[in-house]
Each structure stands twice: as structure tokens, then as C-alpha cells.
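*Asks:* can you look at this prediction? I've put the sequence above it.
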Amino acid sequence: MNALFERKRLFGHRGDSEHHTENTLAAFEACIESGIDGIELDVQRTACGTLVVFHDFTLRRMAHIDRRIDEAEWEELKEIPIAGGERIPTLEAVFSSIGTNLIYDIELKARGIADTGLEEGVLKAIEKAGLTDHVLVSSFNPVLLRRFKRLASNRIPTALIYSHSPEVPAVLRNGQGRLVARPTLLKPEHTLAHAALKRGAPLLPWTVDDEGVADQLLQAGVQGIISNRPTALAHLFRG
């Protein structure tokens, strides 16, 4: 297993999203202050090619604006306040602010499987920031993940995300995308973790917010967990 997982790791889902606006510098910096191992964050590409850290494909939920991220220019997005009066950060800004203080689980977000330059852009940003040994890259989309693996020549660990959500194609809901992506780890929804453990694959389940469930999964042998409540679970990873 990669050195990132020389011990079990706790990741803040979109940062410390229980106490701060998700996917913002404030949420990420709070994880440093609380001694959390890492952060999970979502990265997608704007119309002009800027890599922004934002989960949804549109601004509806976070800014009440009917605008797609991949159709907007960065000059427009950077001026739009989102929940809590925060601003959308670029991946470059996050790397500059956080540096090597955290491990990054970078989720690639894109509609479809076309090569938009997202994977290449993320790899270049990682290398430019000197963070190759501090990241893993994940995605629900096995084609994006396979493309990133090829570009990175397998130097960076990858993780396939999956769940039983109706938003996930039925054929991929039990992790079948692993046959396409050949990832380093699997990132199942936590309710699917025990079934995945039977395959013997390294696991990083999400989103685990209950202390009892987290402890059970850690005892069962997962590599770590991703949580919306990382500060509440941090004691399970100490001592």
C-alpha cells in the first residue's frame, strides 16, 4: 500500500463541512487546526480551463444561480458569493494555502467521458505544487480515472468511488468500474464497505459520520474513512 496509508487515515469530506462551508479554504484550514489527516475535495474545469474546487455541476444549491460551472468563466465565478459568504477557490489556491499540511483526496468531476483536459490539468497542478506524494485522485467515472492513471504513469494512487445512488449508472453501483480503472483503492459508500472488504481490496469508505460505524469499519480493516464530522471522529485515529 502507498505510504499515504502507512496508518489509517481520516479525511474531512469537503473539509470540515460540519462547521464550515464545504470545499472552501476555511473548511480545509479547520482540518489542519483539528489535526485531521486529510481532506476530500471536488475539482472541475471551467469554460476557460481554470480548475475550481466545487462539488455541484451548477451554482443552484450553493449560490441560488442557474449557471453551470463548465460553462462559466473564472472571472465570473470568483465574484459570486456562495453559502456563508465564502468564495469558490481554485485548486491552485488550495494547494498554495494548505501545502503539505494535509493529504488530498482529489475527486475528478466532469459530465461524460470526453477528454476535456481535466485530468492533465490536475496532474500538472499537483506536480507544480510539489505534492505528488501527498495526494490520491478519485472519481465515480472509471474512464476519467483510467485516463489520469495513464497520464501519471501510476505514480499517484487512485480510488474508484461508487454507491447505490440512482445518479450512478446501474452497471457501476457495485464497483464494477474497477475493471476499467484498476484503481489502487476502492471508495464505496459506507453501507457497501463490508461487501467490498470480502474482495480483499484496500478501502476508503464514505461518508461515515457515526462514531460506532466508524470504529466498526476501522476494526474490520479499512485503510481510513471520509467523514462530514472529522473532528468528532478524530479520537479514533489517535493513540
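*Replies:* Arrived safely, thanks for sending. Please read these numbers as outputs of a predicted model, since none were measured by experiment.
*Asks:* what is the neighbour count of Ala234?
*Replies:* Using other CB atoms under 10 Å, Ala234 has 17 other residues around it. C-beta here means a position set from N, CA and C on the backbone, and glycine is covered the same way.
*Asks:* what's the answer for Ala30, then?
*Replies:* The number of residues packed around Ala30, counting by other CB under 10 Å, is 21.
*Asks:* give me phi/psi at it?
*Replies:* Main-chain torsions, Ala30, degrees, to the nearest 10: phi -60, psi -30.
*Asks:* OK, contacts around the closest residue to it other than its chain neighbours?
*Replies:* Spatially, and ignoring its direct neighbours in sequence, Ala30 is nearest to Asp16 (3.9 Å; CB to CB, 6 or more residues apart in numbering). By CB atoms under 8 Å, 6 or more residues apart in numbering, Asp16 lies in contact with Ala27, Phe28, Ala30, Cys31, Ser34, Ile36, Pro230, Thr231.
*Asks:* what's near enough to touch His164?
*Replies:* So His164 contacts Arg173, Glu189, Thr191, Leu192 (CB under 8 Å, 6+ apart).
*Asks:* so where's this structure uncertain?
*Replies:* 1-2, 239 (pLDDT under 70).
*Asks:* all helices of it, in order?
*Replies:* Ranges of helices in the chain, per DSSP state H, are 25-33, 60-63, 74-77, 91-98, 118-128, 142-152, 178-181, 193-197, 211-220, 230-233.
*Asks:* buried stuff in the second one?
*Replies:* When you say that, I think you mean helix 60-63. Buried residues in helix 60-63, defined by neighbour count with 16 or more other CB atoms under 10 Å: Met62, Ala63.
*Asks:* check stretch 71-83 too.
*Replies:* Within stretch 71-83, the residues that qualify as buried by neighbour count (16+ other CB under 10 Å) are Ala72, Trp74, Leu77, Ile82.
*Asks:* can you redo these as CSV with distance to Ile88?
*Replies:* CSV is the format used below for those (distance: CB to CB, whole Å):
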residue, distance to Ile88
Ala72, 10
Trp74, 9
Leu77, 5
Ile82, 6
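*Asks:* farthest-separated two in the residues you listed?
*Replies:* Trp74 and Ile82 (14.5 Å; CB to CB).
*Asks:* ok so, going back, of the contacts of Asp16, closest to Leu4?
*Replies:* Nearest to Leu4 out of the contacts of Asp16 is Ile36 (CB to CB; 14.1 Å).
*Asks:* the nearest residue to that closest one once chain neighbours are set aside: neighbour count?
*Replies:* For Ile36, ignoring the flanking residues on the chain, the nearest one in space by CB to CB, 6+ apart is Pro230 at 4.6 Å. Pro230 is flanked by 30 other residues according to other CB under 10 Å.
*Asks:* residues in contact with Pro230?
*Replies:* Leu10, Phe11, Gly12, His13, Asp16, Glu18, Cys31, Ser34, Ile36.
*Asks:* so the third one touches Ala27, yeah?
*Replies:* Yes - because the distance of 7.1 Å satisfies CB atoms under 8 Å, Gly12 is recorded as touching Ala27.
*Asks:* okay if I get the helices of the chain as TSV plus distance to Arg111?
*Replies:* Shown next, in TSV, are the helices of the chain (distance: least, CB to CB, whole Å):
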stretch	distance to Arg111
helix 25-33	25
helix 60-63	15
helix 74-77	17
helix 91-98	18
helix 118-128	11
helix 142-152	11
helix 178-181	18
helix 193-197	26
helix 211-220	31
helix 230-233	29
